[in-house]
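[1] Everything below, folded, please.
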Amino acid sequence: MNRISPSNVPSSSFLYEKLMESDAPMIDNGVLTEKRLLQRAEWLHADLEQLRFADFRILPTREDIDQSSGLTFKLVEYHFGKTDHSIENAAPGFPKHSRLIDGTALDRESLSRFAQISEIGHTVIPDLWLENGTLRERLSLPTQHLDTLNEVWWLSRWHGIDSASIEMEYPLLTDGKKQKNCPTVDWRFEALGRAVTINMEVKNRPGTAASQPMKKGVWLFGNDPEKPFRPSLDNEFNVLAITGYQAGAISPEEEQKLVGSFLNDTPAGKVIDAVALYVVGDGSRESLIFPSNRPLNKKDIILRAILKPETIEDHSRIMHHRFPIALEGVL
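    Residues are numbered from 1 along each chain as shown. Coordinates of the predicted model:
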């Protein structure tokens with residue numbers, strides 16, 4: 001393994017070589033360019049210099065086969081610290097494989113995924129990413145690492161965001177006035193020429209634990225998801241964004257039923273305008289789900305228009321890397 005100690009942060013050229021190992025097919029297919037990948041390597045190097053992880057290892061490059069296409073691809077993963085969900089602690093008989101053992105408490109991730117998020121941090125939210133004591137520093141905490149990557153990724157999913165309007169950890173219930181123990185939404189930002197405001201709370205649904213069976217639906221929304229929100233104003237949207245790590249264990253029909261009952265039959269449905277759901281696993285998919293107990297309205301139409309569709313790179317980055325084939329072949 002390539003162990004990264006605080007005194008031995010890898011060079012940007014070394015990181016570029018590692019990114020090329022997994023991203024060469026992206027370049028061959030015109031999804032990325034070598035210039036962009038080199039820039040990502042430089043930004044990633046700067047982030048590692050600042051973070052100085054106590055335990056960070058680039059794992060040996062491995063080859064894997066995409067079950068949906070039969071194509072072989074290479075994956076460069078890194079280990080970022082001790083968590084409560086290590087592949088090495090898999091229950092007896094459970095394959096030690098990151099494709100099968102997924103979720104937010106995992107102790108590894110794709111290096112290319114880290115580089116993609118690093119680019120977003122340096123270009124979309126540089127003030128929040130680079131300043132001391134802010135967002136980037138959370139990556140050094142193993143229990144926060146994957147959550148933070150996911151939060152930043154969701155911020156990049158919307159068209160027309162005004163970068164200057166982005167606020168992190170906004171206490172919506174007190175109109176921006178921070179009070180002790182007051183819940184906050186992860187992001188508040190304006191879009192479409194500042195004509196609309198989006199309040200977004202991002203959740204990771206824990207995935208398949210190697211040591212215990214997964215309970216369907218129990219962890220999809222977390223505890224009291226309505227607490228960060230208040231009823232939205234006319235040009236304001238409350239969005240609960242969820243990345244669901246499920247390894248194919250829950251069908252689209254079950255998810256629609258689960259989300260639908262949540263929006264229509266719980267207190268959260270009175271303050272949340274939509275659930276944006278990205279499901280990870282074989283045949284990953286995304287949905288924007290609205291309450292069914294009210295007619296389609298202007299908010300629904302606007303949200304559908306400004307949520308970016310999944311890209312080939314997005315599909316490749318979420319938790320496990322896939323060969324970049326056409327989206328029509330995998331969705």
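[2] Show me where the protein has its helices.
    With DSSP state H as the criterion, the chain has helices at 12-28, 34-51, 111-123, 126-130, 142-155, 252-265, 298-306, 312-317.
[3] which stretch among these comes nearest residue 238?
    Residue 238 lies closest to helix 298-306 among the helices of the chain, at 9.5 Å (Cβ to Cβ). (Glycine included, C-beta is placed from N, CA and C.)
[4] Is it possible to get the helices of the chain out as JSON lines so that each row also shows mean pLDDT, mean neighbour count and distance to residue 191?
    Formatted as JSON lines, those follow (pLDDT from 0 to 100; neighbours: other Cβ atoms under 10 Å; distance: least, Cβ to Cβ, whole Å):
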{"stretch": "helix 12-28", "mean pLDDT": "91", "mean neighbour count": "18", "distance to residue 191": "28"}
{"stretch": "helix 34-51", "mean pLDDT": "96", "mean neighbour count": "18", "distance to residue 191": "25"}
{"stretch": "helix 111-123", "mean pLDDT": "95", "mean neighbour count": "22", "distance to residue 191": "16"}
{"stretch": "helix 126-130", "mean pLDDT": "93", "mean neighbour count": "16", "distance to residue 191": "17"}
{"stretch": "helix 142-155", "mean pLDDT": "90", "mean neighbour count": "21", "distance to residue 191": "11"}
{"stretch": "helix 252-265", "mean pLDDT": "84", "mean neighbour count": "16", "distance to residue 191": "22"}
{"stretch": "helix 298-306", "mean pLDDT": "93", "mean neighbour count": "15", "distance to residue 191": "6"}
{"stretch": "helix 312-317", "mean pLDDT": "75", "mean neighbour count": "20", "distance to residue 191": "19"}
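[5] and of these, who's closest to residue 164?
    Across the helices of the chain, residue 164 has its closest neighbour in helix 126-130 (9.3 Å, Cβ to Cβ).
[6] bridging residues for residue 109?
    residue 78 (DSSP bridges).
[7] isn't it right up against residue 145?
    Yes. If you go by Cβ atoms under 8 Å, residue 109 and residue 145 touch, sitting 7.4 Å apart.
[8] which neighbours do those two share?
    residue 80 (Cβ atoms under 8 Å, 6 or more residues apart in numbering).
[9] wait, doesn't residue 106 sit right on residue 81?
    No. Taking contacts as Cβ under 8 Å, residue 106 lies outside contact range of residue 81: 11.3 Å.
[10] Before we move on, what's the pLDDT of the residue of the chain positioned farthest from its centre?
    Within the chain, the residue lying farthest from the chain centre (Cα atoms, centre = their mean) is residue 295, at 30.3 Å. pLDDT, residue 295: 75.
[11] what separates it from residue 301, distance-wise?
    With distances taken as Cβ to Cβ, to the nearest Å, residue 295 is found 12 Å from residue 301.
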